[in-house]
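K.L.:
Provide a 3D model corresponding to the input given below.
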Amino acid sequence: MKRNRTALAGTALLAVGAIALAGCASGGDNGSGEEGGEASTGIVTVQSNEPQNPLLPAVTNEVGGGLVLQNIFAGLVYYEADGALANDLADSIESDDNQTWTIKIKEGEKFSDDTPVTAESFVEAWQYAASDPAFENQWWFANFSGYSADAVKEDSLALEVVDDTTFTVELAAPQSDFPTTLGYQVFAPLPESFFDDPEAFGQAPVGNGPYVLDKWEHDSVISLLPNESYDGPRKAKNGGVDLAMYATAEAAYTDLLSDNLDVLNPGVPPTALATYRDDLGDRAVDQPAAIWEGLTIPARLAHFGNDEEGNLRRQAISYAIDREQVTDVIFEGTRTPAVDYTSPVIAGWNDEIAGSEVTHADADKAKDLWAQADAISPWSGTFTIAYNADGGHQAWVDAVSNQIKNTLGIDAAGQSFPDLATLREEIKNRTLNAATRSGWQFDYPGAYNILGALFITGAGSNDGDYSNPEYDELVTKGSTAPSVEEGNKLFEQAQEVLFTDLPVLPLWYRSTNAGFSTLVDNVEYGWDSWPIVYEITKAGE
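P.N.:
Prediction:
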């Protein structure tokens with residue numbers, strides 16, 4: 001059998017015929033006399049969020065912490081702007097059968113504390129991440145031989161260190177896209193100092209990527225400085241990055257317009273979507289992104305259990321939401337109504353999955369389904385949608401609440417939380433008695449990323465505690481299929497199950513609507529909507 005090898009230059013992983021990723025405009029002359037690609041000394045400021053968890057690869061699974069880990073760690077591979085796979089620390093990733101993999105890393109690599117990065121640095125980090133069900137990212141190792149989701153185990157995975165630069169991985173079943181997954185942060189290596197005090201490490205991590213963490217002032221700023229020990233393909237071209245925390249997206253946008261902020265992330269607030277292109281000119285960014293958004297309705301909520309009544313009410317809510325109206329009016333056409341559980345920029349996307357008609361507004365059907373549910377158990381109370389105020393969500397939550405209220409004749413309203421970290425903590429602790437906005441920014445360009453993370457029984461991001469053995473089996477078969485194409489066919493069948501159960505209602509696909517200041521050049525946003533911060537240049541200050 002032909003050996004599979006990750007390409008050094010990479011091959012685009014996005015589907016042929018899917019929405020093309022448009023390159024964003026570069027900034028104008030910032031007065032520095034620099035040309036694109038040359039290093040600069042200025043500090044770039046980027047909008048961000050307070051991380052929910054300590055900065056550890058095993059537990060960080062939201063954008064605030066993810067952007068930090070992406071830039072302070074170098075894994076085996078990384079994703080280029082268009083989603084193409086490229087090697088970072090990996091020299092080769094090979095297999096004869098898609099099940100037993102031999103991984104070789106580059107020699108002479110070091111962490112920022114000057115200790116060596118070895119094969120053991122990867123093996124010990126992966127064993128640790130897979131060892132505890134409390135870790136949000138434990139599920140990423142579900143297809144590793146020896147994995148157990150139920151009990152705390154040490155060194156359970158079938159990993160073997162061959163020498164300082166070589167290790168092997170034994171999977172429980174063949175997985176054709178295994179190399180593609182390895183760009184996610186849970187697969188980063190860890191230095192020996194981590195194991196001495198994981199708690200302290202989470203506040204001041206030592207990495208091996210293009211940046212080092214200089215300081216973390218909680219709820220204010222995370223400062224990153226170039227890592228002089230890193231000499232890989234993502235070498236920093238600026239003097240550092242300040243990830244600034246904002247209470248609202250509107251505040252960040254105001255600072256951008258006055259050049260007090262350099263780069264918007266994750267995007268333009270709804271209040272500015274109609275004007276931001278005129279405001280920013282060639283510094284405005286509008287391109288597709290692998291971001292899916294939905295509405296999670298946990299089965300633990302009254303009237304929404306895993307029974308006939310709950311299913312009828314989920315269908316009714318979905319039919320009551322006019323996604324086209326919200327995306328046109330609230331989002332000024334910068335969102336696209338969702339008709340599946342993946343993204344149009346991900347290979348295998350299909351807009352004709354059986355059951356997806358529930359994503360199209362139909363007031364009469366919504367009323368009929370709600371009446372059928374009332375015949376089982378009369379409705380009482382308010383349908384509440386929880387959201388984080390720092391993400392620009394209030395306008396659409398209010399609009400959707402009004403649609404539900406007007407169509408079904410019930411009380412519906414939003415419930416605001418000050419920031420994403422606070423909301424995520426309530427969701428994690430299962431103390432929230434409300435439906436919640438759900439967003440998924442793909443970690444790698446593959447359907448399994450979202451279908452595994454959000455809906456498999458016990459997955460770390462399965463906020464609604466959804467569980468269906470038929471779904472789990474289909475997704476597992478898809479992830480272990482001989483080819484990506486065969487896997488995507490099984491993923492479609494799994495989505496049919498989701499449309500029957502509706503644990504989460506698809507809402508819309510998000511675009512990267514963002515922009516940058518007059519003080520920076522070489523700004524580019526990736527396939528996943530994140531700015532590629534190490535490429536940004538800024539004049540010295």
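
K.L.:
what's near enough to touch the residue nearest the centre of the chain?
P.N.:
When the chain is reduced to its mean C-alpha position, the closest residue under CA atoms, centre = their mean turns out to be Gln441, at 2.9 Å. Shown in contact with Gln441 (CB atoms under 8 Å, 6 or more residues apart in numbering): Val63, Gly66, Pro266, Ala289, Ala290, Ile291, Asp528, Ser529, Trp530. Bear in mind the C-beta positions are built from the backbone N, C-alpha and C, glycine included.

K.L.:
give me the neighbour count for the closest residue to the second one other than its chain neighbours.
P.N.:
Read that as Gly66. Nearest residue to Gly66, sequence neighbours excluded (CB to CB, 6 or more residues apart in numbering): Thr60, at 5.9 Å. Neighbouring residues of Thr60 were enumerated by other CB atoms under 10 Å; the total is 26.

K.L.:
what does the one 4 residues further on give?
P.N.:
Here the number of neighbours of Gly64 (other CB under 10 Å) works out to 22.

K.L.:
element containing it?
P.N.:
helix 63-72 (DSSP states H and E).

K.L.:
kindly report the same for Phe201.
P.N.:
Secondary structure assigned from DSSP H and E places Phe201 in helix 198-203.

K.L.:
in PDB, list the C-alpha atoms belonging to that helix.
P.N.:
Backbone C-alpha positions of helix 198-203 (Å, rounded to 0.1, in the frame of the first residue of the first chain) are rendered in PDB as follows:
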ATOM      1  CA  PRO A 198       0.300  22.000  35.800                       C
ATOM      2  CA  GLU A 199      -1.800  24.600  37.700                       C
ATOM      3  CA  ALA A 200       1.000  27.200  37.700                       C
ATOM      4  CA  PHE A 201       1.800  26.300  34.100                       C
ATOM      5  CA  GLY A 202      -1.700  27.100  33.000                       C
ATOM      6  CA  GLN A 203      -1.200  30.700  34.100                       C
END
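
K.L.:
quick one: buried residues of that helix?
P.N.:
Judged by neighbour count using 16 or more other CB atoms under 10 Å, the buried positions of helix 198-203 are Phe201, Gly202.

K.L.:
from the centre of this protein, point out the most distant residue.
P.N.:
With distances taken from the mean C-alpha point of the chain and given as CA atoms, centre = their mean, the most distant residue is Ala375, at 39.9 Å.

K.L.:
state the distance from that residue to Leu312.
P.N.:
In this structure, Ala375 and Leu312 are separated by 9 Å, where distance is defined by CB to CB, to the nearest Å.

K.L.:
check Ala373 too.
P.N.:
With distances defined as CB to CB, the gap from Ala373 to Leu312 amounts to 4 Å.

K.L.:
what do you get for Val520?
P.N.:
For Val520 relative to Leu312 (CB to CB), the value is 52 Å.

K.L.:
and the two? Which one has more around it.
P.N.:
A side-by-side neighbour count of Val520 and Leu312, using other CB under 10 Å, places Val520 first with 27 against 21.

K.L.:
touching, that one and Glu535? I think so.
P.N.:
No - under the contact definition of CB atoms under 8 Å, Val520 does not touch Glu535, with a separation of 10.3 Å.

K.L.:
where in the chain is pLDDT low?
P.N.:
Under the criterion of pLDDT under 70, the regions of the chain flagged as low confidence span 1-38, 541.

K.L.:
quick check: longest helix in it by residues?
P.N.:
Once the chain is assigned using DSSP state H, the helix that runs over the most residues is helix 484-501.

K.L.:
identify all contacting residues around the helix holding Gly64.
P.N.:
Helix 63-72 is touched from outside by 46, 48-53, 55, 57, 60, 185, 188, 205, 207, 209-213, 222, 224, 227, 241, 243, 265-266, 420-421, 441, 443, 530, 533-534, with contacts defined as CB under 8 Å, 6+ apart.

K.L.:
ok, the residue nearest to Ala81 when sequence neighbours are not counted to Trp101 distance?
P.N.:
Distances taken as CB to CB, 6+ apart place Gly526 nearest to Ala81, at 4.8 Å, with adjacent residues excluded. According to CB to CB, Gly526 stands 26 Å off from Trp101.

K.L.:
next: Glu425.
P.N.:
For Glu425 relative to Trp101 (CB to CB), the value is 36 Å.

K.L.:
do I have it right that Leu171 meets Thr100?
P.N.:
Yes - in terms of CB under 8 Å, Leu171 counts as a neighbour of Thr100; the distance is 7.4 Å.

K.L.:
these two: which is more packed in?
P.N.:
Neighbours around Leu171 and Thr100, counted as other CB under 10 Å, are more numerous at Leu171. The numbers are 22 against 15.

K.L.:
contact partners for the more buried one?
P.N.:
The neighbours of Leu171, taking CB under 8 Å, 6+ apart as the test, are Asn98, Gln99, Thr100, Trp101, Asn143, Phe144, Ser145, Phe178, Thr480.

K.L.:
tell me the bridge partners for it.
P.N.:
Bridge pairing for Leu171 (DSSP bridges) gives the partners Phe144.

K.L.:
before we move on, back to that, and which of the contacts of Gln441 is nearest to His303?
P.N.:
Of all the contacts of Gln441, His303 sits closest to Ile291, with 30.1 Å by CB to CB.

K.L.:
how many residues are close by the nearest residue to the closest one once chain neighbours are set aside?
P.N.:
Closest residue to Ile291 in three dimensions, ignoring its sequence neighbours and counting by CB to CB, 6+ apart: Arg510, at 3.8 Å. Summarising burial for Arg510: neighbours were counted as other CB under 10 Å, giving 25.
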